[in-house]
Structures are given as structure tokens and as C-alpha cells.
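[1] here's my sequence, what's the structure:
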Amino acid sequence: MSSQQNLVALRNTYQVLLEEVNRLTLIYTDLNRSIETLETFKKLKEREGTTPIMVPVGSFLSMIMSGIRMDKVAVQVGAGIYVEMSPEEALEELKKRLEEVKDNILKMQVELRQIEAQLISAERVGGAKKGSS
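    Next up is the predicted model:
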């Protein structure tokens, strides 16, 4: 493989990894929000008899609820399939996933830095060859 082909391959790999890190970051954010929501509902459940709460269910609709009873939640396990769990089980599962996603993001960021270093090195070598021609 020529140095130009190697440079193109490195750039493509970098772009793919960067897109995957961005995708995983969105998942991380969504998992965090889900965990926060479950924890908030758990706290509100403990304060039974408090003022009504408003739960957004879309961009144009919120539900006003006067009591909270959350015995089960549905947790997505993949491919649009949901499994019924207790709120405590769901929290445990979501926190486990959050850590897995975080670990994957960190690993990919290390790979990105390594590819960046290779790209910088390859571009310097390519630039030096052009300058000496």
C-alpha cells in the first residue's frame, strides 16, 4: 500500500471511529437521563402526598399526575425488545450499561489519539517528500 493510500485509510478509520464515539456519547447521555428519571421518581414516590407532577411525554404533551405508583418499568434490551423490570433492577441494569458505554468511549478515544499521531506523522513525511521534490 502506498503512503497516499495509507493516509486515506487512516483518515477513513479516524472518521468512522469519531462517528462511533459521537453515537456512543448520545447513548451515554440518554442512559444518564433515564437513570436520573428513575432516581427522581423513586424520591418522589417516597414523598407521597406531595404536589402533582408534570411528566413530559412528547414535544406537545405533558401528563399531570397526582400520585406516583411505579411497580414496573420496561427496559429496552435491544432490537426494539423491552423487558419488564422493577425500578431497582432497571437502575442496576442501566448503570451497568452506562459503565460499559463509558469504557467503550474511552477505548475509542485512545484509538483516535493514536490514529491522530499516525496521521500527523504521515502528513509530515508526505510534506517532507513533496518539499524535497
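
[2] helices or strands next to the host helix or strand of residue 77 in the packing?
    Using DSSP states H and E, residue 77 sits in strand 73-78. Secondary-structure packing of strand 73-78 (3 or more CB pairs under 8 Å, 6 or more residues apart in numbering; DSSP states H and E): strand 81-85, helix 87-132. Using the backbone N, CA and C atoms, a C-beta is placed for each residue, glycine as well.

[3] what angle sits between the last one and strand 81-85?
    With axes from the mean of the first three to the mean of the last three CA atoms, to 10 degrees as the basis, helix 87-132 and strand 81-85 are set at 140 degrees to each other.

[4] which strands and helices sit next to the least confident helix or strand in the chain by mean pLDDT?
    Across the helices and strands of the chain, the lowest-confidence element by mean pLDDT, DSSP states H and E is strand 53-56, at a mean of 79. The helices and strands touching strand 53-56, judged by 3+ CB pairs under 8 Å, 6+ apart, are strand 62-65.

[5] for the strand it packs on, give the mean pLDDT please.
    For strand 62-65, the mean pLDDT works out to 84.

[6] then stretch 77-84?
    Taken as a whole, stretch 77-84 carries a mean pLDDT of 92.

[7] kindly export that stretch (C-alpha atoms) in PDB.
    The C-alpha coordinates for stretch 77-84 follow below in PDB (Å, rounded to 0.1, in the frame of the first residue of the first chain):
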ATOM      1  CA  VAL A  77     -32.700  -4.900  25.700                       C
ATOM      2  CA  GLY A  78     -32.000  -4.400  22.000                       C
ATOM      3  CA  ALA A  79     -33.700  -4.600  18.600                       C
ATOM      4  CA  GLY A  80     -36.700  -2.800  19.900                       C
ATOM      5  CA  ILE A  81     -37.400  -5.500  22.500                       C
ATOM      6  CA  TYR A  82     -38.300  -4.500  26.100                       C
ATOM      7  CA  VAL A  83     -38.200  -6.500  29.300                       C
ATOM      8  CA  GLU A  84     -40.300  -5.700  32.300                       C
END
